[in-house]
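Undergrad: just the structure for this:
(chains A, B and C)
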Amino acid sequence: MSVGATSSVIHSSAVLGADTSLGEQCVIGANVRIGAGCRIGHHVVIHDDTVIADHVRIDDHASLGKLPMKAANSATTKEQELPPLTVGELAIVGTGVVLYRGAAIEGKVLMADLCTIRENVTIGRGTIVGRGVTVENFCTVGRYCKLESECYITAYSTLEDRVFIAPGVVTSNDNYVGRTAERFKHFKGVTVRRGGRVGAGVVTLPGVVIGEDALVAAGSVVTRDVPARTVVVGSPAKPWREVPVEQLLENQGWVDA
Amino acid sequence: MSVGATSSVIHSSAVLGADTSLGEQCVIGANVRIGAGCRIGHHVVIHDDTVIADHVRIDDHASLGKLPMKAANSATTKEQELPPLTVGELAIVGTGVVLYRGAAIEGKVLMADLCTIRENVTIGRGTIVGRGVTVENFCTVGRYCKLESECYITAYSTLEDRVFIAPGVVTSNDNYVGRTAERFKHFKGVTVRRGGRVGAGVVTLPGVVIGEDALVAAGSVVTRDVPARTVVVGSPAKPWREVPVEQLLENQGWVDA
Amino acid sequence: MSVGATSSVIHSSAVLGADTSLGEQCVIGANVRIGAGCRIGHHVVIHDDTVIADHVRIDDHASLGKLPMKAANSATTKEQELPPLTVGELAIVGTGVVLYRGAAIEGKVLMADLCTIRENVTIGRGTIVGRGVTVENFCTVGRYCKLESECYITAYSTLEDRVFIAPGVVTSNDNYVGRTAERFKHFKGVTVRRGGRVGAGVVTLPGVVIGEDALVAAGSVVTRDVPARTVVVGSPAKPWREVPVEQLLENQGWVDA
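TA: Numbers count the residues shown, from 1 in each chain, chains lettered A, B, ... in the order given. Predicted structure coming up:
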C-alpha cells in the first residue's frame, strides 16, 4: 500500500490490501477493510466497519458508511442496528458520493458523482447509478439497471434487473401526502419489473407497478399500473402501442458479465 | 472538547462548547462559536462568525457560513453586509450541505445531505429540508415544514408553517423569463399558506399562491392561485375536489415540540 | 502567494501566481498552473495539468480536473486522451463543484455550488451554470447563457449564445431509451438557438431544436422542433403566440462584456 505522505488519518485497526493507493487527507475508520488494487482519491472518508472489495475506485470527497440522521418527525427513519456498508469488486464511487451504513453494493456498480444511496438498500451487480441520483432507504435495485442522472427513487421501491430510469424521473410513495396516521401502513414506492423503462422527467404516483419490458414515454405522469410490453404516454399516462419488437429485452443479445 | 488529533485547523478566536467533538481535518474560522454537545464530522468547514447552538450534528464535508458568489450578470444577488449564519439547537446538518452566511436556521431543523440554503433565508423550528434541496435567497420557510428530496424553492418564496413540498417540485419566480428591465420589479416565487401541500414533480409558475391546507396533485402544473382546502390536478391545474377531511391539518392531532 | 500554514499538499511542479491565496488542506497536483490573484477555499482538489487563469475564485470542496469514470456498460464514455481542464479569468467555482479534465471554461463563467461539468464540454464567456446543474459530455454551451439551478443538459447538446434554461429542465438524447445497437448512431440532445428560452420544469425529447429567440412555457413537454420567436406550451408543446416584442433579445440593449 502506498499512502499519500502522512496526511491521511488511518485507524490502527483498518486493513488495506496490496497495491491499494490512498490520496491525501483521507480518513479511514476503525475496522475498515479495503481490498487489493483499490484507487482512493483525496479527502475520502470511510467510516467504521465498512468493507470494500478489490479494485474499487473511490473519488475525492466521497463519504462511505455514514450513519443515518434521525429527525424528530421523520416518517420512515427508525433507530436500528445496521450492518456495515459493503462495496463489491470493481465498483466505482464518484466524487462527493454519500453511501450509508446498511447499504449493500454488488460488484461492478458505477455510482456517479454526488449520488446518495441510503441504508437498507441493495444495488445489483453492474448497475449504473447516475450523477446526483438518490436511492432512498428500503429499496431494492436489480442487476444491470441504469438509473440516469438526477432521477429520484423514493423509499420502498423495487427495481428488478435491466430496468432503465431516465434523467429527472420523480417517484413518490405516499398517497396521503404526509397526513393521517394511516399512511404509515401504506408507504409504497414504484415497482418496475424486469426490463421496464421510464422516460425522462416522468412522475410516478405511489404504488404503481410498471410491467415487464414496458415503456413510459418522457414527460408522462403515471397514475396506474402499466401493462407489460406496452408503451404508455400522457398525463395521466395511457396505453399507446406495444413496445417495438427490436427494443424488447430478449432481442438485445445482452450477456451478463 | 475533544479534537481529532492535531489534524483540524481551529482559529484561535473560535470557541467550542463542552463535550463537543470534532472530526479530522476540519477548518474552523475566526469568531466561530459552537455550543455544547455538538458532534462534528470530518472535513467540515465553518466560516468566520458562524454561531452554532448546543447539540448540533454536522456531517462530513459540510460547509457553513459561506459568502455569496456575485456573478457579473446575476439578477438577484447584490453586494450586501450579511449577519453571521446561525444554526439552532439540536439541528442536523448532513453530508456536503452548504449553508450561506445570512441564513438563520432555528432549532431541530434537519438539513439532509447535499442541500443548499442561501443567504437571507429563515428556516423555522422542526422543519425538514430534504436531500439535495435548494432554498434560494430571500425565502421564508415556516415551522414543521417538510421539503422533500430534490425539491427546488426559488428566490422570493414564502412557505408558512406545516407546509409539505414533495420530491422533485420545481418553483419559478420570473414571468419575464430573464428578459426586460421591468422583470426586476416583479420577481415573485411561490407562496404556500399554512398546511398547504404540493405533490411530487409539480411545477409552479411565478407568483402563484397555494391556499391554506390546499393540495396540488402530483405531476400538475400550477398556473393560477389554488383555493384553500381544495385539491387541484392537471396541466394547467384545475379544482378537482375538497381535501379529504381526515387529511386536514386540524385533524392530525399534531403538537409542536 | 500565501498558503494556509503547512496543511495543503502542493506538488513541486505546480505554479501559483502572485497574490493567489490557498485555504487549508488543499491538494494541488503535478503541473497545475494557477494565475494571479486567485482565491481558493478549503479542501479544494486540483488535479494534474489543470490550467487556471487570473482572479478565479474557487470555493470549498471543489474538485477540478477529474478523470472520467468508465463504466463497463456506459453508452457514451470511451477511453480517450483528454486535454487539461482550463478555467478562464474571473471565473467563479462554487462549493462542491466537479469539473472534468477535457472541459474548457471561458472567462467570467459562474459555476454555482454542486454543479458538474463533464469532459469534452465548452462553456462560453459570462455564462452562469446554476446550483446542482449537470452538463454532460460532448456539449457546447455558448456565451452569456443562464443555466438555472438543477437543470439537466444531456450529452450531445448545443446551447448557442444568450440561451436561458430555467430551473429543473430535463433534456434527453436517446429515442431508443437504452435499447438496440442502432441507438449509438443517433444520440442527439437538445439544440437551443441563440436567445432561445426554456421554462421551468420543461422536458425535451431527443433531438429537438428550439429556434432562435423562441420560448417554451413552464411545465411543457417538447416533442418536436419549436419555430423561432414562437411561444409554445403544453404536453405535447404547441405554438401559442409570438414572443412579446419587448422580450426579444434584440430589444434588451445587452452588451457583451
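
Undergrad: what residues does the stretch 51-200 of chain A have near chain C?
TA: Residues of the stretch 51-200 of chain A found near chain C, taking Cβ under 8 Å from any Cβ of the partner chain as the criterion, are A:57, A:59-61, A:90, A:92, A:94-96, A:108, A:110, A:112-114, A:126, A:128, A:131-132, A:144, A:146, A:149-150, A:164, A:166-168, A:197, A:199-200. No exception for glycine: its C-beta is placed from N, CA and C like everyone else's.

Undergrad: quick one: residues contacting the nearest residue to A:Leu82 once chain neighbours are set aside.
TA: Of all residues not flanking A:Leu82 in the chain, A:Gly102 sits nearest, at 3.4 Å (Cβ to Cβ, 6 or more residues apart in numbering or on different chains). By Cβ atoms under 8 Å, 6 or more residues apart in numbering or on different chains, the residues touching A:Gly102 are A:Pro68, A:Gln80, A:Leu82, A:Pro83, A:Leu85, A:Arg118, A:Glu119, A:Asn120, A:Val121.

Undergrad: now do 10 Å
TA: A:65-68, A:80-86, A:117-121, A:137 (Cβ atoms under 10 Å, 6 or more residues apart in numbering or on different chains).

Undergrad: how about A:Leu64?
TA: Contacts of A:Leu64 (Cβ under 10 Å, 6+ apart): A:28-29, A:32, A:40, A:44-47, A:50, A:52, A:56, A:58, A:85, A:87, A:93, A:97-101, A:103, A:105, A:117, B:60.

Undergrad: where does chain A dip in pLDDT?
TA: A:1-6, A:71-79, A:257 (pLDDT under 70).

Undergrad: thought A:Val203 was touching A:Ser235?
TA: Yes - here A:Val203 reaches A:Ser235: they are 8.3 Å apart, a contact under Cβ atoms under 10 Å.

Undergrad: now the common contact residues for these two.
TA: Joint contacts of A:Val203 and A:Ser235 (Cβ under 10 Å, 6+ apart) are A:Gly219, A:Ser220, A:Val221, A:Val222, A:Thr223, B:Gly219, B:Ser220.

Undergrad: what sits closest to A:Asp48 if chain neighbours are left out?
TA: Using Cβ to Cβ, 6+ apart, the nearest residue to A:Asp48 is A:Gly29, at 4.0 Å.

Undergrad: return the members of the contacts of A:Gly102 classed as buried.
TA: The neighbour count (16 or more other Cβ atoms under 10 Å in any protein chain shown) marks A:Gly65, A:Lys66, A:Pro68, A:Pro84, A:Leu85, A:Thr86, A:Ile117, A:Arg118, A:Glu119, A:Asn120, A:Val121, A:Asn137 as buried among the contacts of A:Gly102.

Undergrad: ok, the shared contacts of A:Val203 and A:Ser235 vs B:Ser157, which is closest?
TA: B:Ser220 (17.6 Å; Cβ to Cβ).

Undergrad: excluding chain neighbours, give the residue nearest to that closest one in space.
TA: Closest to B:Ser220 by Cβ to Cβ, 6+ apart is B:Ala237, at 4.1 Å.

Undergrad: mind listing the strands in the stretch 151-257 of chain A by residue range?
TA: Assigned by DSSP state E, counting those that start in this stretch, the strands in the stretch 151-257 of chain A fall at A:152-153, A:158-159, A:164-165, A:170-171, A:191-192, A:197-198, A:203-204, A:209-210, A:215-216, A:221-222, A:230-233, A:238-242.

Undergrad: give me the neighbour count for A:Arg229.
TA: 18 (other Cβ atoms under 10 Å in any protein chain shown).

Undergrad: which residues does it contact?
TA: Shown in contact with A:Arg229 (Cβ under 10 Å, 6+ apart): A:195-196, A:211-215, A:242-243, A:245, A:247-249.

Undergrad: can you name the residues bridging to A:Val45?
TA: A:Val27, A:Ser63 (DSSP bridges).

Undergrad: pull the contacting residues for it.
TA: So A:Val45 contacts A:9, A:25-29, A:61-66, A:98, B:23-25, B:41-43, B:59-61, B:95 (Cβ under 10 Å, 6+ apart).

Undergrad: hmm, try it at 7 Å
TA: A:Val27, A:Ser63, A:Leu64, B:His42, B:His43, B:Asp60 (Cβ atoms under 7 Å, 6 or more residues apart in numbering or on different chains).

Undergrad: go through these and say which is closest to A:Tyr176.
TA: Taking the contacts of A:Val45 together and measuring to A:Tyr176 by Cβ to Cβ, the closest member is A:Ser63, at 32.9 Å.

Undergrad: now do the closest one against chain C, distance only.
TA: Using Cβ to the nearest Cβ, to the nearest Å, we find A:Ser63 at a distance of 11 Å from chain C.

Undergrad: next: A:Ile123.
TA: Counting by Cβ to the nearest Cβ, the gap from A:Ile123 to chain C is 13 Å.

Undergrad: hey, what's that residue bridged with?
TA: Here A:Ile123, judged by DSSP bridges, has bridge partners A:Ile105, A:Val141.

Undergrad: that one contacts A:Tyr100, correct?
TA: No - with contact defined as Cβ atoms under 7 Å, A:Ile123 does not count as touching A:Tyr100 (11.8 Å).

Undergrad: more neighbours, these two?
TA: A:Ile123 (28 against 25).

Undergrad: and that one, how far is that from A:Ala91?
TA: Distance, A:Ile123 to A:Ala91, by Cβ to Cβ, to the nearest Å: 9 Å.

Undergrad: now the common contact residues for those two.
TA: Joint contacts of A:Ile123 and A:Ala91 (Cβ under 7 Å, 6+ apart) are A:Ile105, A:Val109.

Undergrad: picking up where we left off before, which one of the shared contacts of A:Val203 and A:Ser235 is nearest A:Tyr176?
TA: Closest to A:Tyr176, out of all of those and judged by Cβ to Cβ, is A:Thr223, at 15.8 Å.

Undergrad: can you give me phi and psi for that closest one?
TA: phi -110, psi -10 (degrees, to the nearest 10).

Undergrad: can you count the residues close to it?
TA: With other Cβ under 10 Å as criterion, A:Thr223 counts 18.

Undergrad: so what's it closest to, chain neighbours aside?
TA: A:Pro236 (4.0 Å).
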